[in-house]
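Engineer: Fold the stuff below for me.
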Amino acid sequence: MNKISIRYSQQRFTKEQNEAIDWAYSVATTLHEGQLRKDGQPYIIHPVAVAETVAEWGMGHEAVMAALLHDVVEDTGLTLTELSEQFGDKVAELVDGVTKIRMSALPSRPAGDSARQEASNENLRKLLLATAQDYQVILIKLADRLHNLRTLEYLKPEQRQRIARESLGVFAPLADRLGMGQVKAEIEDLGFKYAQPEDYVRLVQLVRATTRKSAHYLTLLKHDIRQFLKEGGIEDAEVEGRQKHLYSIHKKLAKVNGDIDKIYDLVAIRIVVPDEAACYHVLGLIHQHYKPLIYRIKDYIAVPKPNGYQSLHTTVFARDGHITEIQIRTPQMHAEAEHGLAAHFYYDAHKTSAAYAKGQGAGRLPDKLKWVGQLTDLQQATEGRSEFLEGARKELFNDQIFVFSPKGDLYDLPEGSTPLDFAFAVHSGLGLRTMGAKVNGRMVTLDHRLENRDVVELMTRREPSPNRDWLKFVKTTAAKNRIRGWFRAASREANIARGRLALEADLGAWGGGRIEDVAARQLADALDALHYKSLDDLLAAIGEGSTATLPVIRRLFPDAGKPASVQVVKRTEATGRILVEGGEELPYTLAPCCQPVFPQSVVGYITRGSGVTVHALGCSNLPNDMERFVGCRWETLDNASERLLCRLEVVAVNRVGLISSITGTIAREGLNISFIRSDATGPASLVADRVEEVKVSFAIEVRDLFELAGVMKRLEQLPGMISVRRL
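Structural biologist: Take a look at the predicted model:
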């Protein structure tokens, strides 16, 4: 076998570091002796290629050594302990990180889609956590994936498809978030070639036809630009043409119904000048000679993309009226646009040879890539693997938007984010106090979907007052965790007191009084059924809003059909129909196990896809899932029962038509309002405006607490509603 050598710039390392790399190469060659790749070549070709890429990216000697040794633990007999003893802890840690990320590892036995998805999710979790622990791991893994994609043709078709799809779905977005545009483009084009081979061939033929026409045009345009830049005093500009990579064209074609003539950046001119001031000078010269499309001028120097990308973009009517995109940047901006985090290593490595020799080049992350380290915070803040993955996918792999504060500060958020996500991105305390928002000067609801470049103004209260319903629409994991954390961290004693008041207020309507008056055995059974260790735990849960009073009362008084404060009219004749709690016309069936008949007390159980199953109260076949119980009663011909008078208080943002909305909602439920009163609570503290809250108190007549719960739920859904509570 011919000797294979690793080619890299040895001048970048000290003599001792070069000797360590040679030793790692020698050990890897020996351990992989006799192993072949699918194309029949010696296996050592792969780790050598990965190491050369890592060295080209400017990473340290330990990363190069780890790249050479990244497969020895899994594919040979060498253990991590032995690796650490021979090459040091750092190299062993990097190899261990890369070894744990086996993205294509799937169950050896045949498995369905769910098993494959579970394996994929677990591998993604390992990838992200390894990245968080040492971000050099992901660069080695990207180099590993690049070489595998370059030699993918030798695998079986189904293996090619799986690896290609995985590369498009995970590694390309990750390279993009790391700002590594060149790596992203190559991963996407190679993945596209094998994931969608027919579309790939079709697009290659389409682009080939347009490329012939564009090459001559670009040559003439570059000459023109160099000429007028020189006349304008820009002597040392690099003017190059570039063609959009294939997968990016494929995605854009989907947005323009396949019309390639509508893709204005199919080919583009890139101008590299020495400094930032020259960038703006060049932009002015370009616009003097070519008329710009105003809506396509983008200043990513003043407002960088979330991954740190910087450049000036303009689209102009250039030579012969051809619409052409022109990008203007400095050499460092260009390096970072192409290589991202790898460029950070390279620039730091070459500041001083002494700093590089000490490994300081990779010692810190630039601010624009701090999200890599935040993966650890995400893992600690989330409660399980699925929640961590959900958060990571949203934060890292969804399309990003960037929005502005009124002062012009830039914040990047996942696509679909709301003003509340923005508020928590600014500061968690601000998010907890948010009560309203304006987007581009217009009042919006807190669940409004933000768009790219929106300007968001927030209106806040003096004190935190989050709403649990926020969890239904906020997108960012940080916002969700902070909202949940606030409710968990709320004063336990205050929650116990609040829970006691709420429970005893409702107990009075059901024939009870103080909670201590409930029989000890009865209370113990209720706590056990509801999975609470003590009465204080239950009261705290009611106080913080995670448990409602109605399920608790049902457990305490399982035989009570109606509140004691409502006179029960003796019914001797029934219609045979069941009325479900809240008055909603839900489909129901009588349970065949107990076959309830009037006047037996009944209870409903919500079943998936079958509406409500009505059981006799006490039926032995009733499931234990209290969350899915619903109140039911027999409909009778006698409707003369007394009604329960309940006082409610709502607090809302004062607006035109508020009282009308409240009374209209109650009227649609067929309920009578006994009295109503409105009081302004005074102005709240605002960030960008002043908004007045109003308190509305009223009394309504309801048949029972089931009907009361239904109308309260509908009132909570009204626009601008802050709170609804029973007095």
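Engineer: so how far is stretch 589-596 from its chain's centroid?
Structural biologist: In terms of C-alpha atoms, centre = their mean, to the nearest Å, the centre of stretch 589-596 is set 45 Å apart from its chain centre.
Engineer: pull the CA atoms of that stretch into CSV?
Structural biologist: Extracted in CSV, the C-alpha atoms of stretch 589-596 (Å, rounded to 0.1, in the frame of the first residue of the first chain):
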residue,chain,number,x,y,z
THR,A,589,-73.6,8.1,25.0
LEU,A,590,-74.9,6.3,28.1
ALA,A,591,-72.3,3.9,29.4
PRO,A,592,-73.4,0.3,28.7
CYS,A,593,-71.6,-0.9,31.9
CYS,A,594,-74.0,0.9,34.4
GLN,A,595,-76.8,2.1,32.1
PRO,A,596,-77.8,5.1,34.2
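Engineer: Any chance you could list what contacts that stretch?
Structural biologist: For stretch 589-596, contacts defined as C-beta atoms under 8 Å, 6 or more residues apart in numbering pick out Ile578, Val602, Ser610, Gly611, Val612, Thr613, Val614, His615, Ala616, Cys619, Ser620, Asn621. Where you see a C-beta, it was placed from the backbone N, CA and C, and this is true even at glycine.
Engineer: Just the pLDDT at Glu198, thanks.
Structural biologist: Listed pLDDT for Glu198 reads 91.
Engineer: repeat for Thr547
Structural biologist: For Thr547, pLDDT reads 75.
Engineer: Quickly note the distance from the residue lying closest to it once chain neighbours are set aside to Val518.
Structural biologist: Counting by C-beta to C-beta, 6 or more residues apart in numbering, Ala541 is the residue found nearest to Thr547 once chain neighbours are left out, at 4.1 Å. Distance, Ala541 to Val518, using C-beta to C-beta, to the nearest Å: 17 Å.
Engineer: that older thread, now for the contacts of stretch 589-596, which pair is the farthest apart?
Structural biologist: Pairwise distances across the contacts of stretch 589-596 (C-beta to C-beta) peak at 22.0 Å, for the pair Gly611 and Ser620.
Engineer: which one of the two has more residues nearby?
Structural biologist: Using other C-beta atoms under 10 Å, the more surrounded residue of Gly611 and Ser620 is Gly611, with 14 against 8.
Engineer: and the more buried one, how far is that from Glu581?
Structural biologist: Applying C-beta to C-beta to Gly611 and Glu581 gives a distance of 13 Å.
Engineer: State which helix of this structure is the longest.
Structural biologist: Ordering each helix of the chain by length in residues (DSSP state H) puts helix 197-231 first.
Engineer: After that one, which helix or strand is next?
Structural biologist: Next along the chain after helix 197-231, taking DSSP states H and E as the criterion, comes strand 238-243.
Engineer: pLDDT on that next one, on average?
Structural biologist: 88.
Engineer: Output whichever helix or strand comes after it as PDB, nothing but the C-alphas.
Structural biologist: Downstream of strand 238-243, the next assigned helix or strand under DSSP H and E is helix 246-255. Written as PDB, here are the backbone C-alpha positions of helix 246-255 (Å, rounded to 0.1, in the frame of the first residue of the first chain):
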ATOM      1  CA  LEU A 246     -27.800  24.900  -6.600                       C
ATOM      2  CA  TYR A 247     -29.900  24.100  -3.500                       C
ATOM      3  CA  SER A 248     -30.400  27.800  -2.800                       C
ATOM      4  CA  ILE A 249     -31.700  28.200  -6.400                       C
ATOM      5  CA  HIS A 250     -34.000  25.100  -5.900                       C
ATOM      6  CA  LYS A 251     -35.500  26.700  -2.800                       C
ATOM      7  CA  LYS A 252     -36.000  30.100  -4.500                       C
ATOM      8  CA  LEU A 253     -37.600  28.500  -7.500                       C
ATOM      9  CA  ALA A 254     -40.400  27.100  -5.300                       C
ATOM     10  CA  LYS A 255     -41.200  30.700  -4.200                       C
END
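Engineer: that older thread, the helix or strand hosting the residue nearest to Thr547: how far from the chain's middle?
Structural biologist: Assessed by DSSP H and E, Ala541 sits inside helix 535-544. Distance, stretch centre to chain centre, for helix 535-544: 32 Å (C-alpha atoms, centre = their mean).
Engineer: Repeat that for stretch 304-322.
Structural biologist: The answer for stretch 304-322 is 29 Å, by C-alpha atoms, centre = their mean.
Engineer: Give the buried residues for it.
Structural biologist: For stretch 304-322, the neighbour count (16 or more other C-beta atoms under 10 Å) marks 304-316, 318-319 as buried.
Engineer: what do you get for stretch 612-620?
Structural biologist: Using 16+ other C-beta under 10 Å as the test for burial, stretch 612-620 gives Val612, Thr613, Val614, His615, Ala616, Leu617, Cys619.
Engineer: what about Asn148, how many residues close to it?
Structural biologist: 18.
Engineer: So it sits against Arg162, correct?
Structural biologist: No. With contact defined as C-beta atoms under 8 Å, Asn148 does not reach Arg162; the gap is 12.0 Å.
Engineer: From Phe629, how far out is the residue nearest to Thr547?
Structural biologist: Counting by C-beta to C-beta, the gap from Ala541 to Phe629 is 17 Å.
Engineer: more neighbours, those two?
Structural biologist: Phe629 (21 against 18).
Engineer: Filter the contacts of stretch 589-596 down to the ones in helices?
Structural biologist: Per DSSP H, the subset of the contacts of stretch 589-596 in helices is empty.
Engineer: quick revisit: out of the buried residues of stretch 304-322, who's nearest Arg668?
Structural biologist: Pro306 (45.7 Å).
Engineer: low-confidence ranges in the stretch 401-550 of the chain?
Structural biologist: Scanning the stretch 401-550 of the chain for pLDDT under 70 picks out the ranges 488-494, 508-513, 544-546.
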